[in-house]
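# sequence and predicted structure are below.
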Amino acid sequence: DLATVAMVGTSDSVYWVLSSSPFKTIKDVISYAKANPDKLVFGCAGAWGVTDFGWRWLERKAGFTSRNAPYPGGAEALVALLGGHIQITRLSLPQSLPHGRAGTIRPIAIPSLTRNEVLPDVPTMKEEGYDIGLGGSWKGILAPKGTPKPVIAKLAAGFKKMMEEPSAVAAIKQLGDNFEFKGPEEYEKHWREEFRIDTELGKMFKGDK
């Protein structure tokens, strides 16, 4: 029903713990969870969403079990972490970075394909040995199916120009997000591959509560 115009940005999410937590790395979390089955409490920002899928996958890949507490969204999961009701959660950078900068929470890993320049010392999950094949969330521009290709091309060129504006680049980086341009064909390829991986994850977790 839709035609891809352009991917315009990406938003990394990060695994966070309280600054007072004994966990310094994601491997610390996994070691604790293995030694203490079902005692670790992870707060996901929505059941069957990206944070939930990623955690379920990590449990199976690393061989541990935990309590996965679903919240209506990232804001509620963040409050739960700050209140000490959960031990770890995964949140988008624009949502969580102010608390990280304030020193109340600590980033331990980024489920992304590359490190984020705002948190250059924080390793990716791939570096830690756990690569699900997915990066962060993305933002894209879509048009109705059948939109003439010259119109698609003109729109894509306009968004690309917008993303090169220095003030816009500086503003988006301050939030911890990134501009990342992909044209119509590259964007569709990226979307389809992510859909394929998500479909496989859905099959893997079919029957789970």
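Perfect, I can see it now. Residues are numbered from 1 along each chain as shown.

# ok, longest strand in the chain?
For the chain, the longest strand by residue count, based on DSSP state E, is strand 2-11.

# contacts for that one next, please.
92-94, 135-147, 152, 155-156, 159-160, 163, 172, 176-188, 190-191 (CB atoms under 8 Å, 6 or more residues apart in numbering). Using the backbone N, CA and C atoms, a C-beta is placed for each residue, glycine as well.

# just the buried residues out of those, in PyMOL syntax.
Listed next is the PyMOL selection for buried residues among those, using 16 or more other CB atoms under 10 Å:
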select buried, resi 92+93+135+136+138+140+141+143+152+155+156+159+163+172+176+177+178+179+180+181+182+183+184+187+188+190+191
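
# so which of the contacts of strand 2-11 are in strands?
Among the contacts of strand 2-11, the residues falling in strands (DSSP E) are 92, 137-144, 178-182.

# and Ala47, how many neighbours?
The number of residues packed near Ala47 is 14, by other CB atoms under 10 Å.

# quick one: it and Ala69 touch, right?
No. Using CB atoms under 8 Å, Ala47 makes no contact with Ala69, being 9.8 Å away.

# coming back round to it: could the ones in strands among the contacts of strand 2-11 go into JSON lines alongside distance to Ile110 and pLDDT?
Formatted as JSON lines, these follow (distance: CB to CB, whole Å; pLDDT from 0 to 100):
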{"residue": "Ser92", "distance to Ile110": "11", "pLDDT": "90"}
{"residue": "Ser137", "distance to Ile110": "13", "pLDDT": "83"}
{"residue": "Trp138", "distance to Ile110": "15", "pLDDT": "88"}
{"residue": "Lys139", "distance to Ile110": "18", "pLDDT": "92"}
{"residue": "Gly140", "distance to Ile110": "21", "pLDDT": "95"}
{"residue": "Ile141", "distance to Ile110": "25", "pLDDT": "97"}
{"residue": "Leu142", "distance to Ile110": "27", "pLDDT": "97"}
{"residue": "Ala143", "distance to Ile110": "32", "pLDDT": "97"}
{"residue": "Pro144", "distance to Ile110": "35", "pLDDT": "97"}
{"residue": "Asn178", "distance to Ile110": "12", "pLDDT": "83"}
{"residue": "Phe179", "distance to Ile110": "18", "pLDDT": "89"}
{"residue": "Glu180", "distance to Ile110": "15", "pLDDT": "89"}
{"residue": "Phe181", "distance to Ile110": "21", "pLDDT": "94"}
{"residue": "Lys182", "distance to Ile110": "20", "pLDDT": "95"}
